[in-house]
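Novice: Next comes the sequence, and after it the predicted model I'd like to discuss.
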Amino acid sequence: MSGGRPRWAVPGLFNAAETAWRTSSADTAPTSNFVAARFKGGTTRPNRRRRRRQTPAAELKACAPTSRRVLRISGVAAALRLGPADIYLNVMPFHHSTGLGMLFATLCSGGAAFCAPGPNPELFVAWLGESRATWYTASPAMHKALLEIGIRGAPRDALGQLRFVRSANAPLSPGLCADLEAALGVPVIQAYGLTETGLLACEPLPPRRRKPGSVGISVGPELAILDPDGAICPPGTIGQIAAREPTVGRLGPHSQERPEDGAWLRTGDEGYMDEEGYLFVVGRREDMINRGGQKVSPAEIEAAVGSHADVAEVVAFSMADERLGEVPAAAVVPRAGRHVTSAALREFARTLLTEYKVPQHVLLIDRIPTNDLGKVDRRQLAARMLAIRTRPRSSRANGAHPEEGTLEHWMIGIWREVLCLEEVGLDEDLLALGGDSIRCMMISNRIAERFDVWLPIAGFLGGLTVRQHCAQLREVLMKVPPTR
């Protein structure tokens, strides 16, 4: 420690640049310099007109934010009321705009940042105590993992000096938000932004009003809701969310969404604004469910089903239907210790939704599968969850049970514990069983504790079975003998 500040603190890195920006005129402010960063989002998809040729992954989601954009981060710091006394605990990857943007916001405000090596929920409480963090940002998937593993029941003095928590990357369900606020004793605020724009809107901190379902008000850019013809919609009307400001970054060279100077950047998200400027995100345009020509918003289904007392999380998605083309479906994670049936949830939804919006199928699952950034891939959810939950038990690959004392027997026990499953076959795919980056990290932790070796989680995310996992571990152990 030095002067009460941890030695890893990097205070005020951008203070001089911010001062120069504030004193410069619009004409002399930097416009040509830029920060080149490769970002990975999770919602970008190849342009349909270019599917016949291979499209480099970096081309799909990359932008070069100008130095105006970096310096405008002070607006984000102001929205979060960040100052020199704040310490930010970062568990987000820097190849994503949230991780990099929140780091810049912290440093621009003169605060300090504690950069954790990864999103490890089992070490999170220790990091909070060590860093004395006043805030952190995480995805809903990470928040849920923290509640299940580390935060719930932890002593208040072990949770650092938190004054708020921020949720980003995906919608935060009302139930998860309430559980998180109860466990931490601080407000949990939602935010909305894009790689191309940075943070666009953020819920205001108390005592300012927060509205259920809203991602807050603009942090600087001009926001509007546009109809199909590009006209601005009146308050309360659903349309496409658009942003406009000089700091809006440019996309890759082949993007069809690159805005001209002064033009609106269409975000690809549907939503509406109320009379007070609060933004409500309905969902991605491409995720809208088209039931025989009737459009259904996944967010509307999620709000209805998610209001059930026994529901912890819900994700709505479309399923193929021979007669209607698509029908709405939902994957539901029940609250711990609660019992609810698919039929009961459908009947509950019928009391809140028009009949054509009621999910035709409700799948009860242990957890919502997410990618490494905590975003739900609705395109894969229907196929994966149906395959997992509807397959007969006899179809499990290699149902033989390994002998006790073998590495395979121990590994199956670890997978069952981490994935919360009663049965795991030797040749079942980790991702198909609901594994994600957080669970892979937990499995690696168990292996490191037992054998004192580390298997990178990158090798898990391509698909892995228990049999393959044990083969990998044996190969590593032959090269690096365990110390215990």
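Specialist: Done, it's in. Model, not experiment: these values are computed from the prediction.

Novice: which SSE is M441 in?
Specialist: M441 is part of helix 437-451, with elements assigned from DSSP states H and E.

Novice: what about dumping the CA coordinates of that helix to PDB?
Specialist: Output in PDB follows, covering the C-alpha atoms of helix 437-451 (Å, rounded to 0.1, in the frame of the first residue of the first chain):
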ATOM      1  CA  SER A 437     -16.700 -20.500 -20.000                       C
ATOM      2  CA  ILE A 438     -17.500 -20.100 -16.300                       C
ATOM      3  CA  ARG A 439     -18.100 -23.800 -15.800                       C
ATOM      4  CA  CYS A 440     -15.000 -24.700 -17.700                       C
ATOM      5  CA  MET A 441     -13.000 -22.400 -15.400                       C
ATOM      6  CA  MET A 442     -14.400 -24.200 -12.400                       C
ATOM      7  CA  ILE A 443     -13.500 -27.600 -13.800                       C
ATOM      8  CA  SER A 444      -9.900 -26.300 -14.500                       C
ATOM      9  CA  ASN A 445      -9.800 -25.100 -10.900                       C
ATOM     10  CA  ARG A 446     -10.700 -28.600  -9.600                       C
ATOM     11  CA  ILE A 447      -8.000 -30.200 -11.800                       C
ATOM     12  CA  ALA A 448      -5.400 -27.700 -10.600                       C
ATOM     13  CA  GLU A 449      -6.300 -28.300  -6.900                       C
ATOM     14  CA  ARG A 450      -5.900 -32.100  -7.400                       C
ATOM     15  CA  PHE A 451      -3.000 -32.400  -9.800                       C
END
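
Novice: Show the subsequent helix or strand relative to that helix.
Specialist: Criterion used, DSSP H and E; the element after helix 437-451 is helix 466-479.

Novice: if we can go back for a sec, now the helix holding M441: mean pLDDT?
Specialist: The average pLDDT within helix 437-451 is 85.

Novice: next one: stretch 224-235
Specialist: 93.

Novice: do the same with stretch 474-481
Specialist: 81.

Novice: Off-centre distance for that stretch?
Specialist: Chain-centre distance of stretch 474-481: 35 Å, with Cα atoms, centre = their mean, to the nearest Å.

Novice: G239: what's it in contact with?
Specialist: Residues in contact with G239 (Cβ atoms under 8 Å, 6 or more residues apart in numbering) are 225-228, 233, 270-272. From N, CA and C alone the C-beta is placed, and that goes for glycine too.

Novice: The chain - how does it break down into domains?
Specialist: With domains defined by automatic domain parsing, the chain comprises 15-213, 288-390, 397-479.

Novice: between those, which one is nearest to A242?
Specialist: Nearest of the domains of the chain to A242, taken as Cβ to Cβ: domain 15-213 at 10.0 Å.

Novice: In contact with E275: list those residues for me.
Specialist: E275 makes contact with 235-236, according to Cβ under 8 Å, 6+ apart.

Novice: how close does it sit to E222?
Specialist: Distance, E275 to E222, using Cβ to Cβ, to the nearest Å: 17 Å.

Novice: one step back: Q240: which of the domains of the chain is closest?
Specialist: Among the domains of the chain, domain 288-390 comes nearest to Q240, with 11.2 Å by Cβ to Cβ.

Novice: And the pLDDT for T134?
Specialist: T134 is assigned 94 on the pLDDT scale.

Novice: scratch that, A138 is what I was asking about
Specialist: 88.

Novice: And for the residue lying closest to it once chain neighbours are set aside, the neighbour number?
Specialist: Once flanking residues are discounted, A138 sits nearest to V91: 5.9 Å by Cβ to Cβ, 6 or more residues apart in numbering. For V91, the neighbour count with other Cβ atoms under 10 Å is 22.

Novice: who's in contact with V91?
Specialist: Counting by Cβ under 8 Å, 6+ apart, V91 touches 116, 118-120, 124, 127, 136-138, 142.

Novice: For burial, what's the neighbour tally of L421?
Specialist: Here the number of neighbours of L421 (other Cβ under 10 Å) works out to 15.

Novice: residue contacts, the spatially closest residue to it that is not a sequence neighbour?
Specialist: Nearest non-adjacent residue to L421, counting by Cβ to Cβ, 6+ apart: L433, 6.4 Å away. Residues in contact with L433 (Cβ under 8 Å, 6+ apart) are 388, 415, 419, 421, 424.

Novice: Counting by contacts, list what the helix or strand the second one falls within packs against.
Specialist: Spelled out, that is W415. Following DSSP H and E, one finds W415 within helix 407-419. Packing contacts for helix 407-419, counted by 3 or more Cβ pairs under 8 Å, 6 or more residues apart in numbering; DSSP states H and E, involve helix 437-451, helix 466-479.

Novice: tilt between it and helix 466-479?
Specialist: Counting by axes from the mean of the first three to the mean of the last three Cα atoms, to 10 degrees, helix 407-419 lies at 120 degrees to helix 466-479.

Novice: I'd like the average pLDDT over helix 407-419.
Specialist: Rounded mean pLDDT across helix 407-419 is 90.

Novice: Taking helix 437-451 as reference, get the angle to it.
Specialist: Using the same axes, to 10 degrees: helix 407-419 against helix 437-451 is 140 degrees.

Novice: buried sites along helix 407-419?
Specialist: Buried residues in helix 407-419, counted by 16 or more other Cβ atoms under 10 Å: 407-408, 410-412, 414-415, 418-419.

Novice: Tell me if E428 really is in a helix.
Specialist: No: read with DSSP: H, G, I helix; E, B strand; the rest coil, E428 is coil and lies in no helix.

Novice: Find me the pLDDT at it, would you?
Specialist: For E428, the predicted pLDDT is 78.

Novice: ok, back up a step: farthest pair within the contacts of V91?
Specialist: Spanning the widest gap among the contacts of V91 are N120 and T137, at 15.4 Å by Cβ to Cβ.

Novice: Relative to D274, how far out is P234?
Specialist: Look at P234 and D274: by Cβ to Cβ, they are 11 Å apart.

Novice: What's opposite the residue nearest to L345 when sequence neighbours are not counted in the beta bridge?
Specialist: Nearest non-adjacent residue to L345, counting by Cβ to Cβ, 6+ apart: V362, 4.9 Å away. Using DSSP bridges, the bridge partners assigned to V362 are A330.

Novice: For the residue lying farthest from the centre of the chain, which three-state class applies?
Specialist: Distance from the C-alpha centroid of the chain, by Cα atoms, centre = their mean, peaks at E403 (39.5 Å). Classification of E403 by three-state DSSP places it in coil.

Novice: I figured it hits I412, correct?
Specialist: No: the criterion here is Cβ atoms under 8 Å, and E403 misses it with I412 at 11.4 Å.

Novice: Helix or strand: which one has A304?
Specialist: helix 298-306.

Novice: Show me what counts as buried in the helix or strand that that helix is followed by.
Specialist: Downstream of helix 298-306, the next assigned helix or strand under DSSP H and E is strand 311-321. For strand 311-321, a neighbour-count test (16+ other Cβ under 10 Å) marks 311-319 as buried.

Novice: relative orientation of strand 311-321 and helix 298-306 in degrees?
Specialist: With the same axes, to 10 degrees applied, the angle from strand 311-321 to helix 298-306 works out at 130 degrees.

Novice: begin at 99 from here
Specialist: All right, first residue 99 from here; so that's strand 409-419.

Novice: ok, strand 409-419: who's next to it in the sheet?
Specialist: Counting by DSSP bridges, the strands paired with strand 409-419 are strand 423-432 (antiparallel).

Novice: when you check the contacts of G337 against the strands, which ones overlap?
Specialist: When the contacts of G337 are checked against strands (DSSP state E), the matches are 323-324, 368-370.
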